[in-house]
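fold the following, please.
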Amino acid sequence: MPVIRLLIALGLVANAPLALAEAQAKIAVSIKEWTVPWEDTRPRDPTVATDGRIWFVGQTGDYIARLDPESGEFQRFDLARGTGPHNVITGPDGKLYVAGNRNARIIRVDPASGDQETFRLPGGNGDPHTQQFGPDDDLWFTMQGYNAIGRLNPDRSEFDVIKLPTERARPYGLRIAPSGMLWFTQFGTRKLARLEPGALKVREYEIQRDDARPRRLAIADDGAIWYVDYLGGYLGRLDPPSGKFTEWAAPGGKQALPYGMTMDGEGRLWFVETGVNPNRLVAFDPAVSDYVANEPIPSGGGAVRHMVYDAERDAIWFGTDANTIGVARIGE
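Residues are numbered from 1 along each chain as shown. So this is what the prediction gives:
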């Protein structure tokens, strides 16, 4: 079945059918999941530690845990009650950094011992959400409910909080370009935004569809900003120099609710359609401008909220609301 292309004033929108275009080569992908032993704790936002083990947080269980993919063994480390951990990443120092979404804290965890050090946001305000370290080793994070971008210098235990110009913008997904430029979605609006760390200046880019609500993003080697539009059901690309948007309808259409997103080593975009049951892991290849994989998640998923690409294994790690940690191995 051919893919229908529709030209609109602001760019190209591909109205993809539910079935993949048969003419395009598909990527083999195999998915494996491990059931997390602590029930109904919403395991999410895994990160790959320097030793190859997988760490994740239990959002409703107030813990950080690790999975050994070789043995399947889990180990749990409790966080303070009411932390509401939302995201964990591996820092340049090899330590783990947890966003305490409900208690306005960043928690640094030693992966060897499980020892914890807590950084408390000024005044106890804010809700650290999605994190990433910049080239200067500062930790940047979105603050969705507080309508701000935060920065932590771990060495000096210093925070900066940059309030956003648009009210109720709901900054959500965040990625940092090699230049240090921050890009983030404003989930309460139809806007993407960038922040210049030196000037702390925000510039917004508006998607010209009223129902657009961008949620996660990725940055390509050519500087293009890719995003998933959760409400509209699109994968999109922004060319920053021209401000031009190009969009492709997700295979699941309006009901797709694309959420967790990442980019693999070949520049392909991967995201999960959470509005269909079971959730489906979808791949888009910019080289052919089409979808090249569409794989159901065995547990059903419930929702996959964030994913991370593991270059060593050529794999994608994710957590699900079905209480699993999963890996999608590309080319298998």
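
next, count neighbours for residue 241.
7 (other CB atoms under 10 Å). For every residue, glycine as well, the C-beta is placed using N, CA and C.

who's in contact with it?
By CB atoms under 8 Å, 6 or more residues apart in numbering, the contact set of residue 241 is residue 223.

wait, a helix at it?
No - assigned with DSSP: H, G, I helix; E, B strand; the rest coil, residue 241 falls outside any helix and is coil.

and the pLDDT at it?
pLDDT, residue 241: 96.

what does the one 3 residues further on give?
In this prediction, residue 244 carries a pLDDT score of 98.

that one pairs with what?
Beta-bridge partners for residue 244, by DSSP bridges, are residue 239.

residue 228 versus that one, what's the distance?
The gap separating residue 244 from residue 228 is 18 Å, by CB to CB, to the nearest Å.

the more surrounded of the two?
Ranked by neighbour count (other CB under 10 Å), residue 244 and residue 228 place residue 228 first, with 29 against 13.

what's the nearest residue to the more buried one if we skip its chain neighbours?
residue 258 (3.8 Å; CB to CB, 6 or more residues apart in numbering).

likewise for residue 218?
Going by CB to CB, 6+ apart, residue 218 has residue 263 as its nearest residue, at 4.2 Å.

do residue 166 as well
Nearest non-adjacent residue to residue 166, counting by CB to CB, 6+ apart: residue 189, 6.0 Å away.

try residue 182
Nearest residue to residue 182, sequence neighbours excluded (CB to CB, 6+ apart): residue 195, at 4.2 Å.

if we can go back for a sec, is it true that the residue nearest to residue 228 touches residue 272?
Yes - using CB atoms under 8 Å, residue 258 is in contact with residue 272, at 6.9 Å.

quick one, which of those two is more surrounded?
residue 272 (32 against 28).

quickly find the element holding the more buried one.
Using DSSP states H and E, residue 272 sits within strand 269-273.

what does that strand rub up against?
Residues contacting strand 269-273 (CB under 8 Å, 6+ apart): 216, 218, 226, 228, 235, 250-252, 256-264, 279-284, 286, 293, 297, 301, 304, 307, 309, 316, 318, 328.

residue 55 - that's part of a strand, no?
Yes - per three-state DSSP, residue 55 lies within a strand segment.

tally of neighbours for it?
Neighbours around residue 55, by other CB under 10 Å: 24.

any idea how many residues pack against the nearest residue to residue 312 once chain neighbours are set aside?
Excluding the flanking residues, the one nearest residue 312 by CB to CB, 6+ apart is residue 52, at 6.9 Å. Residue 52 has 12 neighbouring residues, counting by other CB under 10 Å.

if we can go back for a sec, tell me what whatever helix or strand the residue nearest to residue 182 lives in is packed against?
Assigned by DSSP H and E, residue 195 falls within strand 191-196. The helices and strands touching strand 191-196, judged by 3 or more CB pairs under 8 Å, 6 or more residues apart in numbering; DSSP states H and E, are strand 182-186, strand 201-206, strand 214-219.

pLDDT on the last one, on average?
Per-residue pLDDT over strand 214-219 has a mean of 98.

ok, residues contacting that strand?
With CB under 8 Å, 6+ apart, strand 214-219 has contacts from 172-177, 183-187, 190-192, 207, 225-230, 236, 258-263, 269, 271, 306.

sheet-wise, list the partners of that strand with their directions.
When DSSP bridges is applied, strand 214-219 pairs with strand 225-229 (antiparallel).

CA atoms of the partner strand as CSV?
Extracted C-alpha coordinates of strand 225-229, given in CSV (Å, rounded to 0.1, in the frame of the first residue of the first chain):
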residue,chain,number,x,y,z
ILE,A,225,15.1,18.6,16.1
TRP,A,226,12.8,15.6,16.0
TYR,A,227,9.8,15.3,18.3
VAL,A,228,6.6,13.3,18.9
ASP,A,229,3.3,15.1,19.0
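
and that strand, how far out from the chain's middle?
Relative to the centre of its chain, strand 225-229 is centred 11 Å away, using CA atoms, centre = their mean, to the nearest Å.

and the angle from that strand to strand 201-206?
Relative orientation of strand 225-229 versus strand 201-206 (axes from the mean of the first three to the mean of the last three CA atoms, to 10 degrees): 60 degrees.

that'll do, ta.
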